[in-house]
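Trainee: I'd like to go over a predicted model; first the sequence, then the structure.
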Amino acid sequence: MTPPTSEPLIAARGLCLSAGKKPLLRELSCTLAAGEVLVVLGRSGAGKSLLLRAIAGFLPEGVRQTGGRVERTVKGTGAIRWLAQEPDAAFSPYHRASRQLLAGKPQVSPQEQATRFHAYCQELALAPDLAQAFPHELSGGERARLALAAALSAKPQVLLADEPSAAIDLATVADLLTVLRRATQNEGLALILVTHDFGVAHGLSKDGTNVRALVLEAGSLVAQDSLAALAHRPQASVQALIKATTTAPENPRQTSSQPTSTTTRKTETSPDILQASGLTISLAPTAHSRQAKAKTKQLLAAELSLQRGKTTALIGASGSGKSLLARTVGGLSAWRDSKTRLVVQGELATSNLRASAACPVPRAWHGQVQYVAQDPWRSLHPRRRVAAILREGASNFSLPKSATRIAELLEELELPAAYAQRFPHQLSGGERQRVALARALAVSPHFILADEITSALDSVSAARVLSVLARLAQENGLGVLLVTHDLRQVAGRAQEVQILEAGKVVESGTAAQVLQTPQSRAGQRLRTAAQAVAW
Amino acid sequence: MAESTREIDPSRQENTAWRLTFWCLATCLTLTLIALALAQLFPSWLESGARLNPAARLQSPNRTAWLGTDGLGRDLCARLFLAAPNSLGVAVAAACLAVIPGALLGALAATWRLADAPLMRLADALLTLPPLVLALACLTLFGASPQGLIFALALPEFPRSLRFVRVLARSQISEPWFLASRGLGTRGVALFWILLRPLAPSLAVLFAQVVAVALLVEGLLGFLGLGLPPSHPGWGSMLAEGRALLFVAPQVILVPGVCIALFAFLVQLFADSLNPFAEPR
């Protein structure tokens, strides 16, 4: 391990940034020497990415540096490398991946760079010839791995990683962290990593890597310390970040199958089980398809059963068909989209309703089963107020939709009643996702399909949304399908677990059984990944 | 817990400038409409724009005829006001006739698979014909009446708005909020409105653009002698009257010409300034 030299490669001294008159970052100082790891922690909007951009020297349009300075003592143009947040954002769709990734001036000779690239590809379990592919031919995880391999192959002195874990599944995150750890230890790479996930920061600090952490809140520095010491800091924002990543919620539900509160709509005939049997989804070749070998390609073949009062987790890596399954069960398979011809077969049934899975399902199905989408930024109608959004479902099923009912719904979701008059763009991500949950609850469903509802949120908002969902499920005796790729969210929240891989269920059973001793390879991989970033 | 995630918006300053432009232009257009309405209160003055007075022909701007007189001695300023309701009315009516059915059918094509192909082929067929030829055909069919002119102006614009709205609506269909509305059990006409509603600002822009184009084309048709009949003077037909006098008394053609250009420009700029309202911020 290279001992950290005393002279910092990068130093920010009293850095202030603002947009117009609004301060975005106040009086921030930090240094980074060779072989050091600095993790910038904070919630969405805390100014983490801005700090990174200021260090790299490209601020977004409209943001000015109003005070302080950034000193860079690294030499050469290729000495600082940037790893983008979205693996897609790192690529132009029109060029082969390799041409883009290996562009820029490396710190080593081209031959050595090629050797290093191959070595890193091997370490990340990537076939090096994937670099010859076009970006659309790669999966999100492959793109993230390739981007990291390419960045490190140029042997930069400083790597700036902007939330590399945000858009990819946990297995990939674990691999990236291992490689980053090794690079800092063996090559003296100085790393700044931005994340909202305390577990990711902790994952970096394994095998003795010394990680310093910097916690930002609303543009101000809250704490700067070594990661181990940080955990004992009393500040609320630090503790909130840590608590959000601890796996078990405070009150695990034992009696969840007997809902405590009595709800008026529960009757004797209320369906207790949702059954989706013989679901297959395949992609038929279009009439315009020029490929000679155009064949029907099966995307999904699965069964699913949910029980009221129980939470079932549907786990799988990205691309395993989780969302497709959840959407289809929600009665929302492809609709009026001539580009992809999805052929949906199978049967959906609750105790008093049967429907074919092929679209459109009868309206009554939506009254019993509600789907909550992944991205709260786009799943709310942009030009309707919250009250109108909440009323829509209720009016379709002739349910109460008075102002008091709206206020009641908002209160159940721990949102202020005044939010009824707001537009979605006036809410934060976590608040939007809770409005989306309220919208689903407004039709008094029996089942809720939560499709990665936390993947677009920072860890603190995510923990809050999940705890609200758990409480509501318990109070109303809802059957919940919790779709996720993050095993940490499942522990203590779900009773049943299904693992999906390549469109097939490879393992299912009780949560304890599947999480502790997974039998399938996919399950084991997910478990290892979760352990790598567990706190 | 306060969750502060308002993102920085570098385009906000630009938005403010556009908003200022919007209010300036809105004021201008409102004042023009008020002036037009006030002019109707002086029928005797307006009538001097239609009264033949050969003794006072081809006057330069003076105290009685503010913008001069034309070849038949009519007060150009009064005639401008006399023609304005006809010209603007025709342009606005044509825009309504093009944009409203265009929007409804465009959204229908986007949502109803069976309607899509026939409507699109109809639009393609109309688009293959040059707009002027289409307009001439309409005028021949319906005669040089205001109704005929309205139809002639609307028909070439209709397929454009149809395609425009269809593309917009299709991009909205793949949005998760539309999926969510389907998931809430919204069907049929209600779903249709949910789809059209976020398009309203874009439709307003489209409408204003079509009004501007209709004004220009109406001027062009008038210049060719195919505009409104002499009983309903329009700015376009005023152009036609000045054509022969271009070098003798340029004001006769300049006054309506400048008026058409200025108005089309104003409306077009107004349409552009509606843009910041299209995106909720």
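Mentor: That came through, no problem. Residues are numbered from 1 along each chain as shown, chains lettered A, B, ... in the order given.

Trainee: how many neighbours does the residue in the stretch 401-535 of chain A that chain B sits nearest to have?
Mentor: Taking C-beta to the nearest C-beta as the measure, the point where the stretch 401-535 of chain A comes nearest chain B is residue A:428, at 3.8 Å. In this view, the C-beta of every residue, glycine as well, is placed from N, C-alpha and C. A count of nearby residues for residue A:428, using other C-beta atoms under 10 Å in any protein chain shown, gives 21.

Trainee: ok, now the one 10 residues further on?
Mentor: Other residues near residue A:438 come to 24 when the count uses other C-beta under 10 Å.

Trainee: now do residue A:173
Mentor: The tally of other residues near residue A:173 (other C-beta under 10 Å) stands at 26.

Trainee: tell me where the stretch 151-300 of chain A has helices.
Mentor: Under the criterion DSSP state H, counting those that start in this stretch, the stretch 151-300 of chain A carries helices at the ranges A:170-187, A:198-204, A:227-230, A:236-245.

Trainee: what comes up buried for the third one?
Mentor: Along helix A:227-230, the positions that meet the burial threshold by neighbour count (16 or more other C-beta atoms under 10 Å in any protein chain shown) are A:227, A:230.

Trainee: how close does the closest residue to residue A:532 other than its chain neighbours sit to residue A:8?
Mentor: If you skip the residues right next to it in sequence, residue A:532 has residue A:174 as its closest partner in space, 3.6 Å away by C-beta to C-beta, 6 or more residues apart in numbering or on different chains. If you measure residue A:174 against residue A:8 using C-beta to C-beta, to the nearest Å, the figure is 29 Å.

Trainee: likewise for residue A:393?
Mentor: Distance check for residue A:393 against residue A:8: by C-beta to C-beta, it reads 56 Å.

Trainee: so where's the stretch 1-150 of chain B uncertain?
Mentor: Low-confidence segments of the stretch 1-150 of chain B, defined by pLDDT under 70: B:1-15.

Trainee: contacting residues around residue 272?
Mentor: Chain wasn't specified; assuming chain A. When contacts are counted by C-beta atoms under 8 Å, 6 or more residues apart in numbering or on different chains, residue A:272 is found next to A:307-308, A:351.

Trainee: hmm, no, I was thinking of chain B.
Mentor: For residue B:272, the contacting residues are B:18, B:21, B:205, taking C-beta under 8 Å, 6+ apart as the criterion.

Trainee: which one of residue A:393 and residue A:8 is surrounded by more residues?
Mentor: Here residue A:393 and residue A:8 are compared on neighbour count by other C-beta under 10 Å; more neighbours surround residue A:393, at 27 against 19.

Trainee: just to check, the more buried one is in contact with residue B:182?
Mentor: No - with contacts defined as C-beta atoms under 8 Å, residue A:393 does not count as touching residue B:182, sitting 11.0 Å away.

Trainee: any idea which residue sits dead centre in chain A?
Mentor: Nearest to the centroid of the C-alpha atoms of chain A, with distances taken as C-alpha atoms, centre = their mean, sits residue A:455, at 2.7 Å.

Trainee: mind checking pLDDT for residue B:187?
Mentor: pLDDT, residue B:187: 83.

Trainee: quick check on the closest residue to it other than its chain neighbours: phi, psi?
Mentor: Excluding its sequence neighbours, the residue lying closest to residue B:187 (C-beta to C-beta, 6+ apart) is residue A:363, at 6.3 Å. With angles defined as degrees, to the nearest 10, residue A:363 shows backbone torsions of phi -60, psi -30.

Trainee: the residue nearest to residue A:532: neighbouring residues, count only.
Mentor: Here the count is done by other C-beta under 10 Å, and residue A:174 has 20 residues near it.

Trainee: isn't it up against residue A:203?
Mentor: Yes - under the criterion of C-beta under 8 Å, residue A:174 makes contact with residue A:203 at 6.8 Å.

Trainee: overlap in contacts, the two.
Mentor: What both residue A:174 and residue A:203 touch, as defined by C-beta under 8 Å, 6+ apart, is the set A:532-533.

Trainee: which residues touch the residue of the stretch 201-350 of chain A found nearest chain B?
Mentor: Ranking the residues of the stretch 201-350 of chain A by distance to chain B (C-beta to the nearest C-beta) places residue A:332 first, at 5.5 Å. By C-beta under 8 Å, 6+ apart, the residues touching residue A:332 are A:359, A:371, B:179, B:182-183.

Trainee: excluding its backbone neighbours, what's nearest residue B:226?
Mentor: Nearest residue to residue B:226 in three dimensions, chain neighbours excluded: residue B:139, at 5.4 Å (C-beta to C-beta, 6+ apart).

Trainee: I meant to write residue B:203 there.
Mentor: Once its chain neighbours are removed from consideration, residue B:203 has its nearest residue in residue B:103; the separation is 5.7 Å (C-beta to C-beta, 6+ apart).

Trainee: tell me the contacts of that neighbour?
Mentor: In this structure, residue B:103 makes contact with B:161, B:165, B:196, B:199, B:203, judged by C-beta under 8 Å, 6+ apart.

Trainee: again, 7 Å this time
Mentor: Residues in contact with residue B:103 (C-beta atoms under 7 Å, 6 or more residues apart in numbering or on different chains) are B:161, B:165, B:196, B:203.

Trainee: need the max-distance pair from those residues.
Mentor: Checking those against each other with C-beta to C-beta, the farthest-apart pair comes out as B:161 and B:196, at 13.0 Å.

Trainee: more neighbours, these two?
Mentor: Neighbour count, other C-beta under 10 Å: between residue B:161 and residue B:196, residue B:161 has more, with 25 against 19.

Trainee: hang on, the residue nearest to residue B:187 packs against residue B:184?
Mentor: No - with contact defined as C-beta atoms under 7 Å, residue A:363 and residue B:184 do not form a contacting pair (9.5 Å).

Trainee: hmm, residue A:486 is touching residue A:170, no?
Mentor: Yes - taking C-beta under 7 Å as the definition, residue A:486 is a contact partner of residue A:170 at 5.5 Å.

Trainee: can you give me the buried ones in the lengthiest helix in chain B?
Mentor: With DSSP state H setting the assignment, residue counts place helix B:76-111 as the longest helix in chain B. Judged by neighbour count using 16+ other C-beta under 10 Å, the buried positions of helix B:76-111 are B:76-84, B:86-88, B:90-95, B:97-99, B:102-103, B:105-111.

Trainee: show me what from the stretch 51-200 of chain A comes close to chain B.
Mentor: Applying C-beta under 7 Å from any C-beta of the partner chain, we find that the stretch 51-200 of chain A lies next to chain B at A:60-63.

Trainee: which residues does residue A:453 contact?
Mentor: The neighbours of residue A:453, taking C-beta under 7 Å, 6+ apart as the test, are A:372, A:374, A:433, A:465.

Trainee: can you pick out the most distant pair from those residues?
Mentor: The most widely separated members of the contacts of residue A:453 are A:374 and A:465, with 12.0 Å between them, by C-beta to C-beta.

Trainee: which one's more surrounded, these two?
Mentor: residue A:465 (26 against 20).
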